[in-house]
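K.L.:
pasting the sequence and the predicted coordinates here, then a few questions.
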Amino acid sequence: MRSRDIESKQELLYHKIIRWLSPLRPHQRQRDLFSRRVESTGEWLLHSEEYKAWQSGSTARVLWCPGKPGAGKTILSSVVINHLQTLTHNTGDALMFIFCDYKERREQTYANIITSLLSQLLQERRERMGDSEERFVVSKHVEKLYESHTEKQTRPSNEEFLDTLRTEIANFSSAFIVLDALDEGPEDEGIQNNLVSNLRNLGGAVRLLVTSHDLPPIARLMTGVPQLPIQAQDDDIERYIESQLSTTPRLWRLLEDNSELRKLLVPTLRSSCSGMFLVVKLHMDALAKQHNVAAIEDALHHLPHGFDAIYGDIVNRIEDQAEPDKHLAKTTLAWVAYGCRPLTITELRCALSENEESSSLPDLEIIVLACAGFIVVDEASQTVRSIHQTVQEYFDRNQASWFPLVHDMLARKCIEYLSSTCSQGPCRRKIHLRNHMEQHPLLDYAAKKLGLAHESK
């Protein structure tokens with residue numbers, strides 16, 4: 001009985017430390033991203049000489065993978081992570097990773113990234129211990145750091161966290177770190193430089209792989225580092241097109257009896273995409289809206305070039321919808337593009353409704369269809385996002401015409417929501433507050449949104 005009591009205390013302490021370290025949850029993101037990958041795509045990177053040299057540590061221990069927007073860098077990162085998860089399973093090697101996201105910059109601070117890596121090390125050790133009685137035991141160094149600062153109600157400095165990460169890494173034979181989309185991480189160039197420099201200097205056993213857009217500040221940071229440019233491969237594009245066809249019944253029906261048009265589809269899309277999967281997806285979304293073979297053939301011969309032209313076509317399709325669908329799309333995109341963080345499915349449906357009655361909440365599939373390809377549902381985290389950072393950039397350039405008073409609109413909705421759900425006064429006990437927030441899903445978001453708006457003034 002005493003042994004079980006000790007183990008229970010160790011488990012409780014372990015979970016407290018994991019929650020205390022970092023709010024970032026990269027494993028959720030990895031599961032969602034890898035589930036979206038088309039089978040067999042991305043394997044060219046794993047077979048490349050640059051990757052194999054980095055993985056083995058035979059040459060440089062840092063590899064930079066730059067690429068255009070929409071080239072598939074993040075999906076490729078998930079392929080690398082999945083490969084390394086298999087490789088490091090039951091070995092003395094560790095794996096850590098971060099998916100930077102422009103919509104989560106407030107949470108993805110330098111400190112939270114470092115502590116997320118530390119948290120992943122602790123979780124990895126626990127998983128490898130299996131059913132051992134010591135699976136929830138954390139090192140004395142980590143335990144002391146936690147207890148000393150929780151007692152004083154302070155947070156450790158970045159240097160303390162970094163030193164602790166370095167100490168914990170020393171318990172493994174080697175460690176892999178994958179840092180995806182560095183350009184979407186901390187906005188300050190100095191912080192980006194500091195992050196990469198510190199990760200590179202964690203020790204000789206650490207191997208760091210970084211993906212990003214090919215931007216001058218990052219290129220300067222990566223001077224002398226081996227490069228493996230990322231561009232969609234022809235074979236992968238063909239597999240992706242076939243996969244998209246098989247999951248688009250309307251397009252499949254129109255093409256299944258027209259072999260000539262189907263033969264034209266693949267090379268036309270491949271030559272028009274400039275090595276970017278995102279462009280292929282957007283073109284196929286547009287083709288799937290056509291009503292007959294002649295319209296598909298005409299659309300294939302007049303594919304728009306460049307993201308502005310492609311997104312302009314999507315905007316036109318939204319504008320051509322019936323008024324209720326057009327209003328739903330514009331309101332949804334306002335929340336997705338200008339919300340202070342990605343909304344969960346439940347929060348978004350609540351934000352789009354006049355009340356919280358289940359019969360008044362819009363259907364998720366209808367929301368996605370109305371937005372004509374601009375949004376995607378992250379199944380692992382149950383959040384709704386724009387399909388790519390370039391969508392945000394497009395909306396920012398065109399905000400005056402499409403979202404002229406978007407921040408006022410979102411703030412007004414938050415104020416109305418808080419007024420209607422908090423009219424009975426404050427909750428006196430935590431259990432009452434928790435129940436109240438469960439009954440009103442947008443409450444947490446609305447309060448934080450207005451708090452951030454106040455801070456920015």
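P.N.:
All right, it came through fine. Predicted model only: the values in this text are computed from it and were never measured.
K.L.:
every contact and neighbour count from this point should use C-alpha atoms.
P.N.:
Noted.
K.L.:
please, which helix or strand holds residue 65?
P.N.:
Per DSSP states H and E: residue 65 is located in strand 62-66.
K.L.:
what helices and strands are in contact with the helix or strand following that strand?
P.N.:
Going down the chain from strand 62-66, the next helix or strand is helix 73-88, by DSSP H and E. For helix 73-88, the contact count by 3 or more Cα pairs under 8 Å, 6 or more residues apart in numbering; DSSP states H and E identifies helix 26-36, helix 43-47, strand 93-99, strand 174-180, strand 206-212 as packing neighbours.
K.L.:
picking that back up, between strand 174-180 and the strand holding residue 65, find me the angle.
P.N.:
If you take axes from the mean of the first three to the mean of the last three Cα atoms, to 10 degrees, strand 62-66 sits at 20 degrees to strand 174-180.
K.L.:
and stretch 330-344, how far out from the chain middle?
P.N.:
Mean C-alpha position of stretch 330-344 versus that of the full chain (Cα atoms, centre = their mean, to the nearest Å) differs by 15 Å.
K.L.:
for that stretch, how far is the first residue from the last?
P.N.:
18 Å (Cα to Cα, to the nearest Å).
K.L.:
residues in contact with it?
P.N.:
Contacts with stretch 330-344, where a contact means Cα atoms under 8 Å, 6 or more residues apart in numbering, come from 103-104, 348, 352, 367, 371, 374-375, 381-386, 392, 395, 403, 406-407, 410, 449, 452.
K.L.:
again, 7 Å this time
P.N.:
103-104, 382-386, 392, 406, 449 (Cα atoms under 7 Å, 6 or more residues apart in numbering).
K.L.:
residue 160: which element?
P.N.:
Using DSSP H and E, the element containing residue 160 is helix 158-169.
K.L.:
any chance you could list what contacts that helix?
P.N.:
For helix 158-169, contacts defined as Cα under 7 Å, 6+ apart pick out 111, 114-115, 118, 142, 175, 202.
K.L.:
angle of the strand holding residue 65 against helix 73-88?
P.N.:
Using the same axes, to 10 degrees, strand 62-66 lies at 150 degrees relative to helix 73-88.
K.L.:
buried ones in strand 62-66?
P.N.:
For strand 62-66, the buried set under the neighbour-count rule, 16 or more other Cα atoms under 10 Å, comprises 62-66.
K.L.:
state the pair within these that is farthest apart.
P.N.:
Among these, the pair separated by the greatest distance (Cα to Cα) is 62 and 66, at 12.9 Å.
K.L.:
so who does the residue nearest to residue 100 when sequence neighbours are not counted touch?
P.N.:
Nearest residue to residue 100, sequence neighbours excluded (Cα to Cα, 6 or more residues apart in numbering): residue 185, at 4.9 Å. Residues in contact with residue 185, defined by Cα under 7 Å, 6+ apart, are 100-102, 105, 108.
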